[in-house]
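A.B. asks: pasting the structure only:
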């Protein structure tokens, strides 16, 4: 298992909608890729990581919000959001925009449909941080960053912070 380089704001792969995963074509390389994604996410203490964040343009992400401090690894292959409800305004950040945080309104309850690491379809409903993670990771797969949801003034402020921080990103 390898810790991979995380792509940063400004890299084109983060702005492109991802191609669906052909599970049958990928199933032999998927276990290694998932191990690398888990290792990469955990090395930076993230709660989610999408394939574009490691330079791959495929609809794959991993999430672990560690409910009650316990691991709950969720693999999202070709995820789609089925329903959203409620609203919460909380601070959000992103591994691809390190050191940048902003308050963002997201839905507080989200139901997704995806394939798991074995290619089996499932549906799952998340609330709170898990709902936010589902939305954040699905955004990545659609070529969006959390800062794309900010209003004009908040985005201006964030872009100034990014300009200052970018030289420190590796």
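C.D. replies: Looks like it came in fine. Here the structure is a predicted model, which is why all the values come from computation and not from measurement.
A.B. asks: buried residues in stretch 149-159?
C.D. replies: Across stretch 149-159, burial judged by 16 or more other CB atoms under 10 Å covers 149-150, 158. Where you see a C-beta, it was placed from the backbone N, CA and C, and this is true even at glycine.
A.B. asks: Name the member of those residues with the shortest distance to residue 41.
C.D. replies: For the buried residues of stretch 149-159, the closest approach to residue 41 (CB to CB) belongs to residue 149, at 21.8 Å.
A.B. asks: Residue 135 versus the closest one, what's the distance?
C.D. replies: Going from residue 149 to residue 135 by CB to CB, to the nearest Å gives 9 Å.
A.B. asks: now the strands for the chain?
C.D. replies: Along the chain, counting by DSSP state E, strands occupy 48-50, 60-63, 74-85, 88-93, 101-106, 109-115, 121-127.
A.B. asks: name the helices or strands packed onto the second one?
C.D. replies: Here strand 60-63 touches helix 30-43, strand 48-50, strand 74-85, helix 129-141, going by 3 or more CB pairs under 8 Å, 6 or more residues apart in numbering; DSSP states H and E.
A.B. asks: Please work out which of these is packed deepest.
C.D. replies: Highest mean neighbour count among these (mean count of other CB atoms under 10 Å): strand 48-50, with a mean of 27.
A.B. asks: Which residue would you name as the spatial centre of the protein?
C.D. replies: residue 137 (2.8 Å; CA atoms, centre = their mean).
A.B. asks: so how far is residue 144 from that one?
C.D. replies: Look at residue 137 and residue 144: by CB to CB, they are 11 Å apart.
A.B. asks: can you check residue 15 too?
C.D. replies: 8 Å.
A.B. asks: more crowded one of these two?
C.D. replies: residue 144 (16 against 13; other CB atoms under 10 Å).
A.B. asks: Show the contacting residues for the more buried one.
C.D. replies: If a contact means CB atoms under 8 Å, 6 or more residues apart in numbering, then residue 144 has no contacts.
A.B. asks: Sounds good, over and out.
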